[in-house]
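Student: Sequence and predicted model, in that order:
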Amino acid sequence: MQNATKLTTVATLAEGESFLFTVRERDGSEEEALVVHTADCVAAWLNFCQHETDQRLDRGTGAAIRDGEIICPKHGSMFDGCSGYCDNGKAADSTLVEVDVAVDDGTVYLTDDDYTFLHEGGIDDDDDMPSSSSHLSF
Ligand code: FES
């Protein structure tokens with residue numbers, strides 16, 4: 001698949017699990033997104049709830065997914081993993097922001113021209129950031 005970034009594989013992302021990654025949007029800002037694998041689909045969404053947009057669906061340990069629905073960890077609204085739509089709770093009648101992905105021969109690719117893949121994991125998981133202060137002296 002040309003001009004698409006490999007994210008993960010269907011074999012490594014078990015049904016009911018999610019894959020967190022960070023993208024750059026067209027305006028230059030960074031955003032988290034997650035691929036979800038349900039019984040009916042593989043889909044990807046920006047990693048925030050539609051009720052409170054500072055609420056992450058995956059806080060870095062994997063999103064809660066049950067019966068094909070992504071469960072917001074704050075108030076428990078459930079979003080359909082394939083359509084992104086929520087018909088319950090505080091986020092009722094809202095839809096997650098979709099990120100286009102495609103599955104080709106078992107590999108999941110980012111195909112959305114609005115987003116550029118930066119790295120696996122959340123924004124704070126960037127390996128380029130200094131993780132040690134060992135150069136400091138006292
Ligand atoms: S923050 Fe997600 S349902 Fe309230």
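Tutor: Right, received. Where do you want to start? As the structure is a computational prediction, the values presented were derived from the model and not from experiment. Residues are numbered from 1 along each chain as shown.
Student: Would you mind naming what in the protein lies close to the ligand?
Tutor: C49, H51, E52, Q55, C72, K74, H75, S77, G89, K90, A91 (C-beta under 6 Å from any ligand atom). Quick note: C-beta positions are derived from backbone N, CA and C, even for glycine.
Student: is it true that the fifth one touches C49?
Tutor: Yes: counting by C-beta atoms under 8 Å, C72 touches C49, with 4.6 Å between them.
Student: okay, and the common contacts of those two?
Tutor: By the contact definition C-beta atoms under 8 Å, 6 or more residues apart in numbering, C72 and C49 are jointly contacted by Q55, L57, A91.
Student: From the chain's centroid, how far away is stretch 10-22?
Tutor: The chain centroid and the centroid of stretch 10-22 are separated by 9 Å, computed with C-alpha atoms, centre = their mean, to the nearest Å.
Student: Contact partners for C49?
Tutor: Here C49 is in contact with Q55, R56, L57, C72, K74, S77, A91 (criterion: C-beta under 8 Å, 6+ apart).
Student: how close does G60 get to the ligand?
Tutor: Distance of G60 to the ligand, computed by C-beta to the nearest ligand atom, to the nearest Å: 16 Å.
Student: can you check N3 too?
Tutor: Remark: distance between N3 and the ligand (C-beta to the nearest ligand atom) = 34 Å.
Student: What number of residues are in the vicinity of that residue?
Tutor: Residues near N3, counting by other C-beta atoms under 10 Å, number 8.
Student: got it, and the one 10 residues further on?
Tutor: Using other C-beta under 10 Å, the number of residues around L13 comes to 17.
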